[in-house]
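Asks: Below is the sequence, then the predicted model.
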Amino acid sequence: MRQAERAGDDRGRWYRAAGLSLALALGLGGCSAAAPPAAQEPARSAPIVRGPAPFYEFTALDGSKISSDASLGRNTVIAFLTSYGGSSQAQARFLNGVAHDHAPRTNCYAIFTERPENRPLIEMFVDVLKLRLPVAQVDYAELKGGPFANVLAVPTVIILDRGGHIAWRKDALATQDEIEKVLRTLE
């Protein structure tokens with residue numbers, strides 16, 4: 001009987017050792033010297049060489065115009081958002097804070113890249129978040145034909161200097177602190 005118990009203990013030890021070896025092999029596989037998988041391109045967040053000022057014109061939800069002509073003479077922050085993303089909600093709150101802290105010397109606009117039938121969702125978004133800045137809705141297909149055709153992600157934040165030139169851009173969530181730091185360098 002003792003030999004049978006010992007044989008069982010040996011098998012149990014063998015299984016535990018094999019399991020531990022397998023776990024270590026799998027766990028350490030991620031720490032091997034092999035090249036890591038291709039990393040995603042980091043969000044662009046840097047000053048941009050200023051080129052010609054883009055011409056744009058959007059109609060705000062209240063019927064007023066959001067345009068490059070109306071923005072000249074002031075730094076302008078434009079955030080491209082959607083009504084259905086958590087990161088867009090966070091971006092809208094940051095933008096609202098910037099608009100509050102930097103009015104009237106800085107323009108802040110929220111541009112929703114959504115289909116026309118989503119207007120009620122956008123209006124609800126604006127109401128719930130109590131946005132106090134001009135908001136426009138642009139169909140993505142319409143956006144592709146204009147100066148912001150390369151906006152492929154939301155949120156995307158673009159800051160224009162007083163002359164309307166693109167001074168900074170981030171293709172990801174930009175905090176209020178990040179935006180305000182750029183605005184301070186432009187003022």
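Replies: That came through fine.

Asks: what comes up buried for stretch 107-116?
Replies: For stretch 107-116, burial by neighbour count (16 or more other CB atoms under 10 Å) applies to 107-114. For the C-beta atoms, the positions are set from N, CA and C on the backbone; glycine is no exception.

Asks: And for stretch 157-172?
Replies: By neighbour count on 16+ other CB under 10 Å, the buried set for stretch 157-172 is 157-162, 164, 166-171.

Asks: Count the neighbours of residue 96 for me.
Replies: Neighbour count of residue 96, defined by other CB atoms under 10 Å: 20.

Asks: What mean pLDDT does the strand or helix carrying it get?
Replies: Here residue 96 sits within helix 86-102, counting by DSSP states H and E. Mean pLDDT, helix 86-102: 97.

Asks: Likewise for stretch 137-150?
Replies: Per-region confidence: stretch 137-150 scores 89 on mean pLDDT.

Asks: what's the domain layout of the chain?
Replies: According to automatic domain parsing, the chain comprises the domains 1-39, 46-186.

Asks: about what we covered before: looking at the buried residues of stretch 107-116, which are in strands?
Replies: 107-113 (DSSP state E).

Asks: Need the max-distance pair from those residues.
Replies: Greatest spacing in these, by CB to CB: 107 and 113 (18.8 Å).

Asks: what about the helices in this protein?
Replies: 2-29, 68-71, 86-102, 119-129, 140-144, 176-186 (DSSP state H).

Asks: Centre of the chain to the shortest one, how far?
Replies: This points to helix 68-71. 24 Å (CA atoms, centre = their mean, to the nearest Å).

Asks: Same check on the third one?
Replies: In terms of CA atoms, centre = their mean, the centre of helix 86-102 is set 12 Å apart from its chain centre.

Asks: returning to that earlier point: next, format the buried residues of stretch 157-172 as TSV and append distance to residue 83 and pLDDT.
Replies: Formatted as TSV, the buried residues of stretch 157-172 follow (distance: CB to CB, whole Å; pLDDT from 0 to 100):
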residue	distance to residue 83	pLDDT
157	17	98
158	19	97
159	23	97
160	24	96
161	29	95
162	31	95
164	27	95
166	25	93
167	27	94
168	25	95
169	22	95
170	20	97
171	19	96
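
Asks: Now distance to residue 77 too, for those, in TSV please.
Replies: Shown next, in TSV, are those (distance: CB to CB, whole Å):
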residue	distance to residue 77
157	7
158	8
159	5
160	8
161	11
162	13
164	13
166	12
167	10
168	9
169	11
170	11
171	15
